[in-house]
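[1] The following comprises the amino acid sequence and a computationally predicted model.
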Amino acid sequence: MRVTVLLFATLKDRAGRGQVALDLPGATSTVDAVRQALAAGFPAVAPALGSAVSAVNQEFARPEDTVADGDEVAFFPPVSGGCGG
Amino acid sequence: VADYPEICQVAAEALDLDALLRAITVPETGAVCVFSGMVRGVSGATRTERLEYEAYAPMAEAKMRQVAREIRARWPGVQGIAIVQRIGALAVGENTILIACASAHRDGGCFEGARYGIDRLKEIVPVWKKEVRADSQAWVEGHYQPGPSDRASQQE
């Protein structure tokens, strides 16, 4: 199965790209397995993955949540939008 | 639930406050409270040159709509709502975000809704800013870790 991984802010800078296609074994997988595959493929991203927030198909996800073929999985730092303060 | 105007957007262009106010005002509206975030250039001894905003746009707009639903659930008197986040490189003094809530009267929830909106945006709307100084730059990271109750599906 294949998922599209999106990275933002620090994670995007560390990977040198904002989008990665990852192949994983099996018909379904988990957010945590995607995280591990990402860390293996992009070691520079690994240190920032510990505190990263994850989302599947644009909704917050837990490590144990299921990921299916074609899903969009995103990893990003805790958000910091809004105003300067 | 009445069908009041709702604008939830990630914007690459400068924000037009007058147009936004017109868009969320209905004949029953008597008050609009606007929160406007700005790029601060001076924080104590620190000088910021600009902020660079990045968003996960489709999720950000979905989470803005969730924030608007949460505002309506808490303050049923709120009518039109606008939540617009600017992205890209923004200079000191520029407008970064507008959150506007309308109600029939000033005590109808418009102040509370706008305040809740900016606080909640800083928790669950996926937008990040990079602070650029004369000699360095760094991503600013928030602190909030979303939980199951922050999923839209938990609130239906």
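    Received the coordinates, thanks. Residues are numbered from 1 along each chain as shown, chains lettered A, B, ... in the order given.

[2] So which bits of chain A are right by chain B?
    Contact residues, chain A versus chain B (Cβ under 8 Å from any Cβ of the partner chain): A:6, A:8-10, A:12-13, A:51, A:53, A:55, A:58-60, A:62, A:74, A:76-85. Heads up, the C-betas are built off the backbone N, CA and C, glycines and all.

[3] Could you list which of the residues you listed belong to helices?
    A:Thr10, A:Lys12, A:Asp13 (DSSP state H).

[4] Chain A: strands as residue ranges?
    A:2-7, A:19-23, A:28-30, A:53-56, A:59-60, A:66-68, A:72-76 (DSSP state E).

[5] Turn these into CSV, columns for mean neighbour count and mean pLDDT.
    Listed next are the strands of chain A as CSV, based on neighbours: other Cβ atoms under 10 Å in any protein chain shown; pLDDT from 0 to 100:
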stretch, mean neighbour count, mean pLDDT
strand A:2-7, 20, 98
strand A:19-23, 13, 97
strand A:28-30, 17, 97
strand A:53-56, 21, 98
strand A:59-60, 20, 98
strand A:66-68, 15, 98
strand A:72-76, 22, 98
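
[6] among these, which is nearest B:Ile71?
    Smallest distance to B:Ile71 across these (Cβ to Cβ): 19.2 Å, for strand A:59-60.

[7] From A:Ser80, how far out is the residue lying farthest from the centre of chain B?
    Computed with Cα atoms, centre = their mean, the maximum C-alpha offset from the centroid of chain B is found at B:Asp135, amounting to 29.6 Å. Here B:Asp135 is placed at a distance of 21 Å from A:Ser80 (Cβ to Cβ, to the nearest Å).

[8] low pLDDT regions in chain B?
    Low-confidence segments of chain B, defined by pLDDT under 70: B:1-2, B:155-156.

[9] ok, is the host helix or strand of B:Ile99 in contact with chain A or not?
    For B:Ile99, the element it lies in under DSSP states H and E is strand B:95-103. Yes: using Cβ under 8 Å from any Cβ, strand B:95-103 comes into contact with chain A via B:Thr96, B:Ile97.
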